[in-house]
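Colleague: Sharing a sequence plus its predicted fold:
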Amino acid sequence: MWIERALQACLKDKALHEGQPFAFVWNFDEIRDVVSDLQRAFPSTTLHAFAAKANPVKGMLCYLKDLGMGCESASLGEFTQALRVFEPSKVVFDSPCKSLRDLDVALRTSALINLDNFQELDRVKGYRISLGNDFKAKIGLRVNPQTGAGALSVFSTATKTSKFGIPLSEKAEILAACRECSWITALHVHTGSQGCGLDLLVAGIRALVDLALEVPHKQITTINIGGGLPVNFSSDEYTPSFAQYASRLREAIPELFTDRFFLVTEFGRAVVAKAGVILTRVEYTKNVGGRHIASQHAGVDVALRTVWAPKDWPLRIDCYSSEGKHKKEGHNVVQTDVAGPCCLGGDLLAQDRALPKVDPGDYFAVRDVGAYYHSSYSYYNLRQSPPLYSWNDDDTPKQHLHLLLSASTVEQTVAFMSGL
């Protein structure tokens with residue numbers, strides 16, 4: 001398995017050592033295969049804009065660019081990072097709370113800017129006058145189809161009261177805005193992400209396309225269907241697959257697969273989540289109240305969602321020997337708490353989990369953390385962010401471990417809180 005080979009490489013190349021007890025590794029070969037599956041599932045002209053919020057590391061974005069993807073951004077920071085890697089025409093800007101500064105920067109580029117509300121549209125009208133020929137952006141409206149919530153309410157963005165977009169209940173106002181502003185040529189929807197089933201995702205996009213078809217003169221030429229394909233965190237399988245999703249869309253919304261609209265997607269988690277792993281050394285073990293406690297170095301600082309919502313974001317965890325040469329499984333299993341290093345009682349990556357007994361110096365491989373783990377890094381306890389590596393091992397003699405981002409130092413972390 002690639003994780004075992006990557007762990008051995010990390011130990012051999014000193015990517016993991018006494019002073020650096022944990023690291024992120026992403027399997028770039030696996031990401032390449034996933035992107036290929038995505039591209040095969042949709043029309044070849046589709047712009048697949050990777051959601052930078054899932055993983056904004058420059059080395060990751062550069063790799064995705066080489067694979068033919070674009071980039072979706074949700075803040076000025078993400079937008080700036082995207083422009084350092086991608087052509088502006090391959091960048092989407094979706095922040096729901098763009099400041100005047102954000103708009104002034106973005107509207108001067110050829111990016112697709114999706115506006116969240118009518119007040120923002122009024123601002124953009126003013127910029128069209130003040131910027132003149134410097135106004136280069138393509139403009140879309142984000143619409144909330146109000147089709148309901150999935151299993152995880154906080155990740156459902158198409159409820160009646162969602163903070164995102166212009167509600168479809170204001171359809172008359174949307175159509176009036178399009179009539180007034182002929183330069184609105186795109187509509188955007190994002191029904192939600194983890195916890196949203198295919199039926200819910202498809203229903204939201206169907207509502208958006210129906211709205212686009214009501215705008216006269218084929219003014220709406222671009223449909224942005226967002227991302228949100230849920231990820232299976234219980235096994236190695238990619239279910240649902242991009243092919244399954246596209247098949248459902250083709251059946252329910254055939255207009256997306258003709259030349260009537262230019263199609264944009266914004267997948268993030270579904271592209272990189274399963275290709276990422278945290279390799280972390282067991283520092284101490286003890287038995288408390290009949291529970292085996294294994295203290296290791298990845299905690300709430302890099303696994304915010306799992307620590308605070310463990311039932312919604314469970315992680316698979318494998319155990320390896322200190323040399324990384326064999327995976328521990330099927331023997332001496334004990335009920336284990338995989339404890340993080342932070343000063344928080346709930347800082348646990350797993351609780352009461354049946355795992356092979358580990359000893360100090362062994363390693364955990366925390367699976368499926370390629371998206372929204374490092375990107376949600378916290379400065380809590382002034383801990384240092386870990387190094388990030390890519391891994392390629394299609395051909396065993398050519399296995400490679402590449403540093404994408406160095407670990408932060410104690411001095412850098414302290415400086416952040418010192419105003420230096």
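Modeller: Everything's here; your move. Numbers count the residues shown, from 1 in each chain.

Colleague: From now on I want contacts and neighbour counts done on CA atoms only, so please keep to that.
Modeller: OK.

Colleague: Can you tell me what sits against the longest strand out of those in the chain?
Modeller: The single longest strand within the chain, with elements called by DSSP state E, is strand 276-288. Here strand 276-288 makes contact (CA atoms under 8 Å, 6 or more residues apart in numbering) with 3, 7, 21-27, 292-298, 358-371.

Colleague: Tell me which entries of those residues lie within helices.
Modeller: The helices, defined by DSSP state H, take in I3, L7 from these.

Colleague: What are the buried residues along the longest strand of the chain?
Modeller: Residues G276, V277, I278, L279, T280, R281, V282, E283, T285 are the ones in strand 276-288 that count as buried (16 or more other CA atoms under 10 Å).

Colleague: ok, it: who's next to it in the sheet?
Modeller: Strand 276-288 pairs in its sheet with strand 22-27 (antiparallel), strand 291-296 (antiparallel), strand 363-367 (antiparallel), by DSSP bridges.

Colleague: how about JSON lines for those strands, with distance to S73, mean pLDDT and mean neighbour count added?
Modeller: Compiled in JSON lines, the strands paired with strand 276-288 are given as follows (distance: least, CA to CA, whole Å; pLDDT from 0 to 100; neighbours: other CA atoms under 10 Å):
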{"stretch": "strand 22-27", "distance to S73": "21", "mean pLDDT": "98", "mean neighbour count": "25"}
{"stretch": "strand 291-296", "distance to S73": "33", "mean pLDDT": "96", "mean neighbour count": "22"}
{"stretch": "strand 363-367", "distance to S73": "25", "mean pLDDT": "97", "mean neighbour count": "24"}
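
Colleague: Tell me which of the ones you listed lies nearest to D13.
Modeller: Distance to D13, taken as CA to CA, is lowest for strand 22-27 among the strands paired with strand 276-288, at 12.7 Å.

Colleague: next one: that closest one to chain centre, how far?
Modeller: Mean-position distance between strand 22-27 and its chain equals 16 Å (CA atoms, centre = their mean, to the nearest Å).

Colleague: Give me the angle between the next helix or strand after it and strand 276-288.
Modeller: Next along the chain after strand 22-27, taking DSSP states H and E as the criterion, comes helix 28-41. Calculated by axes from the mean of the first three to the mean of the last three CA atoms, to 10 degrees, helix 28-41 forms an angle of 130 degrees with strand 276-288.

Colleague: Let me see the mean pLDDT of helix 28-41.
Modeller: The pLDDT scores in helix 28-41 average 97.

Colleague: and what of stretch 321-328?
Modeller: Per-residue pLDDT over stretch 321-328 has a mean of 88.

Colleague: For that stretch, give me every contacting residue.
Modeller: Counting contacts by CA under 8 Å, 6+ apart, the residues outside stretch 321-328 that touch it are E4, L7, Q8, L11, D318, C319, Y320, P356, V358, G361, D362, Y363.

Colleague: Out of the residues you listed, flag the one nearest to K138.
Modeller: The shortest distance between K138 and any of the contacts of stretch 321-328, using CA to CA, involves L7 and amounts to 44.9 Å.

Colleague: And for that closest one, the neighbour number?
Modeller: 27 (other CA atoms under 10 Å).

Colleague: likewise L121?
Modeller: Around L121 sit 19 other residues, with neighbours defined as other CA under 10 Å.

Colleague: Quick check: closest non-adjacent residue to it.
Modeller: In space, L121 comes closest to L115 once its chain neighbours are excluded; the distance is 6.5 Å by CA to CA, 6 or more residues apart in numbering.

Colleague: before we move on, what about N27?
Modeller: Leaving out its chain neighbours, the residue that sits closest to N27 by CA to CA, 6+ apart is W391, at 4.8 Å.

Colleague: Return the set of residues that bridge with that neighbour.
Modeller: Counting by DSSP bridges, W391 is bridged to N27, L401.

Colleague: Quick check: it touching R32?
Modeller: No. Counting by CA atoms under 8 Å, W391 stays clear of R32, with 11.6 Å between them.

Colleague: Looking at those two now, which is surrounded by more residues?
Modeller: It is W391, of W391 and R32, that has more neighbours when counted by other CA under 10 Å, with 23 against 18.

Colleague: What's the separation between the more buried one and Q399?
Modeller: Look at W391 and Q399: by CA to CA, to the nearest Å, they are 7 Å apart.

Colleague: same question, F257
Modeller: Here the distance between F257 and Q399 works out to 39 Å (CA to CA).

Colleague: what about the two, which has more around it?
Modeller: Neighbour tally, F257 and Q399, criterion other CA under 10 Å: the higher count belongs to F257, 18 against 14.
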